[in-house]
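A.B. asks: here is a sequence with its predicted model. Questions after.
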Amino acid sequence: MLRPYLESNRIEAGCDEVGRGCLCGPVVAAAVILPEDFANELVNDSKKLKKSDRSTLVAEIKDAALAWAVAEASVEEIDQINILNASFLAMTRSVEALKIQPEHLLIDGNRFKTALNIPFDCIIKGDGKFASIAAASILAKVYRDEMMATLAEQFPGYGWEQNVGYPTKRHRDGIRKLGLTPIHRKSFKHLPEQMVLKF
């Protein structure tokens, strides 16, 4: 069972993002405030869960949460400010969208930058340690996976319904055959042959 909070008797929001390593689509973040007595042994890092479990947990998390929100940073923003800053932007937006103002943020990862006037702790592999971060990772992943499956119908041939935009062989074969789509990140290297070693 993951820890329910870092410090008791304060409103903590867990925050996580998904899609940083994808070649296309937005980066998506979620923020979740859970009650201190929240307990669900299935809640864990979204990458460690079966797809069916993630889908089931979304409804349970939303029902139990004191507040939750999902937000994006667009492909255009990723290309303009880079993927790391776009990830921070998406997380900031998710916190801003919460219906309850948190007193503290638990951020998955080792760094965070924001204009929010809310103290935070960065927690490496936090989605495997704290329930609120894990819950945020689940909401963000399910939201983004469903978005990419829908976009796969609009842009067939890249396998997004399965790889959700990550650089798999099928995705890269689709790029070689069909070229880039409007939702590919132009600032990214899409194919291994584009990566030139510098000595």
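C.D. replies: Received, thanks. Note that the structure is predicted; figures quoted are calculated from it, not measured.

A.B. asks: pLDDT below threshold where in the protein?
C.D. replies: 194-199 (pLDDT under 70).

A.B. asks: could you rerun that using 50?
C.D. replies: 196-199 (pLDDT under 50).

A.B. asks: need the strands for it, in chain order.
C.D. replies: Using DSSP state E, the strands of the chain run over 12-18, 27-33, 67-73, 104-108, 120-123.

A.B. asks: can you report how many residues lie near V142?
C.D. replies: Neighbours of V142 under the rule other CB atoms under 10 Å: 22. Every residue, glycine included, has its C-beta placed from N, CA and C.

A.B. asks: E72 too?
C.D. replies: Neighbours of E72 under the rule other CB under 10 Å: 22.

A.B. asks: which non-adjacent residue is nearest it?
C.D. replies: Once flanking residues are discounted, E72 sits nearest to P26: 4.1 Å by CB to CB, 6 or more residues apart in numbering.

A.B. asks: that neighbour contacts A71, doesn't it?
C.D. replies: No. The pair P26 / A71 is not scored as a contact, 9.4 Å apart, by CB atoms under 8 Å.

A.B. asks: who touches both of those two?
C.D. replies: A90 (CB atoms under 8 Å, 6 or more residues apart in numbering).

A.B. asks: can you tell me which helix in this protein is longest?
C.D. replies: helix 131-154 (DSSP state H).

A.B. asks: CA atoms only for it, dumped as PDB, please.
C.D. replies: Presented in PDB, the C-alpha positions along helix 131-154 are these (Å, rounded to 0.1, in the frame of the first residue of the first chain):
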ATOM      1  CA  ALA A 131      -1.100   7.400  -3.400                       C
ATOM      2  CA  SER A 132      -1.900  10.900  -4.700                       C
ATOM      3  CA  ILE A 133       1.000  10.900  -7.200                       C
ATOM      4  CA  ALA A 134       0.000   7.400  -8.300                       C
ATOM      5  CA  ALA A 135      -3.600   8.500  -8.700                       C
ATOM      6  CA  ALA A 136      -2.500  11.500 -10.800                       C
ATOM      7  CA  SER A 137      -0.300   9.200 -13.000                       C
ATOM      8  CA  ILE A 138      -3.300   6.900 -13.600                       C
ATOM      9  CA  LEU A 139      -5.700   9.800 -14.500                       C
ATOM     10  CA  ALA A 140      -3.100  11.300 -16.900                       C
ATOM     11  CA  LYS A 141      -2.200   8.100 -18.600                       C
ATOM     12  CA  VAL A 142      -5.700   6.900 -19.200                       C
ATOM     13  CA  TYR A 143      -6.700  10.400 -20.500                       C
ATOM     14  CA  ARG A 144      -3.800  10.500 -22.900                       C
ATOM     15  CA  ASP A 145      -4.000   6.900 -24.000                       C
ATOM     16  CA  GLU A 146      -7.700   7.400 -24.900                       C
ATOM     17  CA  MET A 147      -6.800  10.600 -26.800                       C
ATOM     18  CA  MET A 148      -4.100   8.900 -28.800                       C
ATOM     19  CA  ALA A 149      -6.400   6.000 -29.700                       C
ATOM     20  CA  THR A 150      -8.900   8.500 -31.000                       C
ATOM     21  CA  LEU A 151      -6.200  10.300 -33.000                       C
ATOM     22  CA  ALA A 152      -5.100   6.900 -34.400                       C
ATOM     23  CA  GLU A 153      -8.400   6.800 -36.300                       C
ATOM     24  CA  GLN A 154      -7.700  10.100 -37.800                       C
END
